[in-house]
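**Student:** Let's see this in three dimensions:
(one chain, ligands or ions: 1)
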Amino acid sequence: MSRESVENDCSLEVGRAQTAKSSLTKAILRETGVAQAIIDFRAPTMLIPKTEKDDANLRLEVARANWALPASGLVTMHSGNASGYDPESGLVYIKPSGMDYDQIKPGNLAVVRLETGEVLTPDIRPSVDLAHHLFLYKNLPEVRGIIHTHSNYATAFAAANKPVPCCLTAICDEFGGEIPCTPYIDNEGENIGRAILKYRRERTPAILLGNHGVFAWGSSPKNALKAAVMVEDVARTVWLAMQLGPVAAIPPEEAEKWYDRYQNRYGQG
Ligand SMILES: [Zn+2]
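**Tutor:** Numbers count the residues shown, from 1 in each chain. Okay, the predicted model is just below:
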C-alpha cells in the first residue's frame, strides 16, 4: 500500500474516527497517530458474537503487519498474509481472502475461533492459508503472530529446495543457524502445518516451504513481520554472495556467540 493511499484513506476516515467515544479508542489514537484514523471502530463489535472478547490492539497490529507486506516488498498482488492470535479470547485475526492490502482495516479482518476453526465473520472470508495459521497456533503455543509470503529471494531458495545457509552473522543473530527448507508439500488439510513442525529448527522463527515460499512467526505479529523481512534480506545477500562463488559457513559454536548476544543483550530490554 502506498503512503499516499494510506493518507487518502486516513483523510476519509478521520472525521468518523475522531467521533469515537471510548477511552480505549482515544488512547490508541493518541498513542499511535494518524494511521489509526483508518480504523473502523464499530465493525468489530458488530462482526463477532457479544460473548467474545475482541482485541482492538491486536486488530491494529495485524492490520499493520498486512500493510507492511507490500510496503516491505515481500508480496506481489495478494501473495501473502499476516495473522495474530489472542489466547485470552481464543480468537485469530487474519487477512481477508483476496483483499487488496490497501483495503484492509482493523475492523474488516476475518475472525476465527482457534479451537473450533469457526469463522465468526460470515461476510469476510479468511485467507485460504488459514488452516496453516491455525495449525501453527495450536502446536506452537508461544506464537502470537504468523506471516506467509512468496518473497522473491527466499522463494528462489525454496524453488531449489535449499535452506539459506548460515554464512552471515545476521543469520546467526536472527535465526541461530541456517533457515531450513521443507521438501515440496501439497496444500491439503494440515500437510503444510505438519511439515513446518517436522522440518523447523527449534529456535528459528521461519522456514522455507519447498517450491512455495516462506512462513515466519513470532511472539507478536510485529515480530513475525520482522522475521519475514529478515528472511528475505539475508536470502538476498546470500544469493548475491553465491554469484561470487561458494559461501563460507559459520561454525555452530561461532553462530552461538552471535545468537546469544543478539537475543539476550542487544537493544533496550
Ligand atoms: Zn503461498
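**Student:** residues in contact with the residue nearest to D86 when sequence neighbours are not counted?
**Tutor:** On the basis of CB to CB, 6 or more residues apart in numbering, the spatially nearest residue to D86 that is not a chain neighbour turns out to be D55, at 4.6 Å. Bear in mind the C-beta positions are built from the backbone N, C-alpha and C, glycine included. The neighbours of D55, taking CB atoms under 8 Å, 6 or more residues apart in numbering as the test, are D86, E88, S89, L91, Y93.
**Student:** which of these has the most neighbours?
**Tutor:** Y93 (30 neighbours; other CB atoms under 10 Å).
**Student:** which other helices and strands contact the helix or strand harbouring A158?
**Tutor:** If you go by DSSP states H and E, A158 is part of helix 152-159. If you count contacts as 3 or more CB pairs under 8 Å, 6 or more residues apart in numbering; DSSP states H and E, helix 152-159 packs onto strand 206-210, strand 213-218, helix 221-242.
**Student:** Distance from the first one to the middle of the chain?
**Tutor:** Here strand 206-210 is found 14 Å from its chain centre; the criterion is CA atoms, centre = their mean, to the nearest Å.
**Student:** Parallel or antiparallel, which strands does it pair with?
**Tutor:** strand 181-184 (parallel), strand 213-218 (antiparallel) (DSSP bridges).
**Student:** Out of those strands, which gets nearest to L60?
**Tutor:** strand 213-218 (16.5 Å; CB to CB).
**Student:** between the closest one and helix 152-159, how many degrees?
**Tutor:** Taking axes from the mean of the first three to the mean of the last three CA atoms, to 10 degrees, strand 213-218 and helix 152-159 form an angle of 110 degrees between their directions.
**Student:** gap between strand 213-218 and the chain center?
**Tutor:** Distance of strand 213-218 from the chain centroid (CA atoms, centre = their mean) equals 7 Å.
**Student:** quick one: average pLDDT of it?
**Tutor:** Confidence for strand 213-218, expressed as mean pLDDT, is 98.
**Student:** now that strand against helix 221-242, angle please.
**Tutor:** Following the same axes, to 10 degrees, one obtains 130 degrees for the angle between strand 213-218 and helix 221-242.
**Student:** mind exporting strand 213-218 as CSV, just the C-alpha atoms?
**Tutor:** Taking Å, rounded to 0.1, in the frame of the first residue of the first chain, the C-alpha atoms of strand 213-218 are listed here in CSV:
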residue,chain,number,x,y,z
GLY,A,213,7.5,-19.6,-0.2
VAL,A,214,8.1,-18.6,3.4
PHE,A,215,6.4,-19.0,6.8
ALA,A,216,7.6,-16.8,9.7
TRP,A,217,6.3,-16.4,13.2
GLY,A,218,6.9,-14.7,16.5
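**Student:** got the buried residues for it?
**Tutor:** With burial defined by 16 or more other CB atoms under 10 Å, the residues of strand 213-218 counted as buried are G213, V214, F215, A216, W217, G218.
**Student:** which one of those is nearest N66?
**Tutor:** For the buried residues of strand 213-218, the nearest to N66 is A216 (13.7 Å; CB to CB).
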